[in-house]
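In: sequence and predicted structure below; questions after.
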Amino acid sequence: MITPLFTRWAALLQQQTQRPAYLRIADFIAEGISTGELPSRYRLPPLRELAETLGLNYTTVTRGYAEARRRGLIDSRPGLGSFIRARASASSALPASTYEMTMNAPTEPAGAAVEEALRAGAINLFNQTDMLSLLRYQDFGGTAEDKAAAMRWIGRKLHVESEADVLVCPGIHSALMGIMTLLKRRKGAVCVSSLIYPGMKRLPVIWVCGCSRCSVTRRGPIRWRLRRCVAAARSAHSISTRRCKIRPR
């Protein structure tokens, strides 16, 4: 249910600030708890309803609720909605962070100039591209035009012999899945630091490819620990492969 509190949030969001909108949503929730406007077990509006009220997109509001959960302000239950925690306290909330690791979402423009550049780039793309082609499923690995553009972009830093060596992916998950598939075939392992995109942790589990955490310094991975991580990951890969083997009756 939309109350005057949430329409006031919409007015506040119209004020120019460098702080991302999703963090401000979590700030508003914390403020509402401290003032008593959002009591314990209060049911917050559904995401789409609040997004329409605030004039934001669905993803931004989703990130705002996720940030509020991270601070311990709200609980969310599938099918029931999001509620103010029974013992939520704005003073005990974790400090806000500009790093969002729960969703693979781009950072919001920091200013009007960047936002206008993105808008102009999108309009230019649509003006120079067949709109119907954008509505169809794309060829796996990218079209010849896509690969030619990728070659020009990659060529700024790397030397690539042929377009056959380029794989164009629709998103980070597809690219990671391709890499993990190659590692699985070669019984490879992946060593990561503690701060990493969550999807990178999930893919090795799906593809039964070893994934281990490795301690690092400012100069990079510690060599003996890296070797230990690789050995442990390959051992785990071997065990998992044997367990998944199906024997005919």
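Out: Yes, it's here.
In: quick one: contacts for Arg77?
Out: Phe83 (C-beta atoms under 8 Å, 6 or more residues apart in numbering). All C-beta atoms are positioned from the backbone trio N, CA, C, and that covers glycine.
In: so it bridges to which residues?
Out: Gly81 (DSSP bridges).
In: quick check: it vs Arg69, distance?
Out: Distance, Arg77 to Arg69, using C-beta to C-beta, to the nearest Å: 11 Å.
In: next one: Leu47
Out: As defined by C-beta to C-beta, Leu47 lies at a distance of 13 Å from Arg69.
In: same check, this time on Lys184
Out: 34 Å.
In: could you tell me how many residues sit around Arg24?
Out: 21 (other C-beta atoms under 10 Å).
In: mind checking pLDDT for it?
Out: For Arg24, the model assigns a pLDDT of 93.
In: excluding chain neighbours, what is closest to it?
Out: Leu13 (6.5 Å; C-beta to C-beta, 6 or more residues apart in numbering).
In: pLDDT value on the one you found, please?
Out: For Leu13, the predicted pLDDT is 91.
In: which regions of the protein lie under the pLDDT threshold?
Out: The model of the chain has pLDDT under 70 over residues 1, 87-110, 187-216, 218, 220-221, 230, 232-249.
In: that older thread, pull the contacting residues for the residue nearest to Arg24.
Out: Neighbours of Leu13 in contact, by C-beta under 8 Å, 6+ apart: 21, 24, 54-56.
In: can I get the buried ones among these as something I can paste into PyMOL?
Out: Remark: buried members of the contacts of Leu13, expressed as a PyMOL selection using 16 or more other C-beta atoms under 10 Å:
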select buried, resi 21+24+54+56
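In: return the member of the contacts of Leu13 nearest to Ile2.
Out: Nearest to Ile2 among those is Leu54, at 9.9 Å by C-beta to C-beta.
In: mind listing what that closest one touches?
Out: 6, 9-10, 13, 21, 25, 61.
In: now swap in Val166 and tell me
Out: Counting by C-beta under 8 Å, 6+ apart, Val166 has contacts 142, 147, 150-151, 154, 160.
In: apply 10 Å and report the result again.
Out: Shown in contact with Val166 (C-beta atoms under 10 Å, 6 or more residues apart in numbering): 141-142, 146-151, 153-154, 160.
In: swap in Leu38?
Out: Applying C-beta under 10 Å, 6+ apart, the residues contacting Leu38 are 5, 28-32, 44, 73-74, 83-84, 88, 90.
In: okay, helices next: where are they in the protein?
Out: For the chain, applying DSSP state H gives helices covering 4-13, 21-35, 47-54, 58-70, 112-128, 131-135, 144-154, 172-185, 198-206, 223-244.
In: which of these sits closest to Asp165?
Out: Between the helices of the chain, helix 144-154 lies closest to Asp165; by C-beta to C-beta that is 9.2 Å.
In: from the contacts of Leu38, pick the one nearest Ala113.
Out: Phe28 (26.7 Å).
In: in space, what's closest to the closest one - neighbours in sequence excluded?
Out: Trp9 (5.0 Å).
In: and that neighbour, how many residues sit next to it?
Out: Trp9 has 19 nearby residues by other C-beta under 10 Å.
In: from Ala68, how far out is it?
Out: 13 Å.
In: who touches both of those two?
Out: In contact with both Trp9 and Ala68: 25, 27-29, using C-beta under 10 Å, 6+ apart.
In: top of the residues you listed by neighbour count?
Out: In terms of neighbour count, Ile29 stands highest of those at 27 neighbours, by other C-beta under 10 Å.
In: which ones are touching it?
Out: Ile29 is in contact with 9, 37-38, 42, 44, 64-65, 67-68, 71, 73-74, 82, 84, 88, 90, 93, counting by C-beta under 10 Å, 6+ apart.
In: ok, now Leu158?
Out: So Leu158 contacts Met151 (C-beta under 10 Å, 6+ apart).
In: if we can go back for a sec, in CSV: the helices of the chain, plus distance to Val166.
Out: Formatted as CSV, the helices of the chain follow (distance: least, C-beta to C-beta, whole Å):
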stretch, distance to Val166
helix 4-13, 41
helix 21-35, 34
helix 47-54, 37
helix 58-70, 29
helix 112-128, 20
helix 131-135, 19
helix 144-154, 5
helix 172-185, 12
helix 198-206, 21
helix 223-244, 28
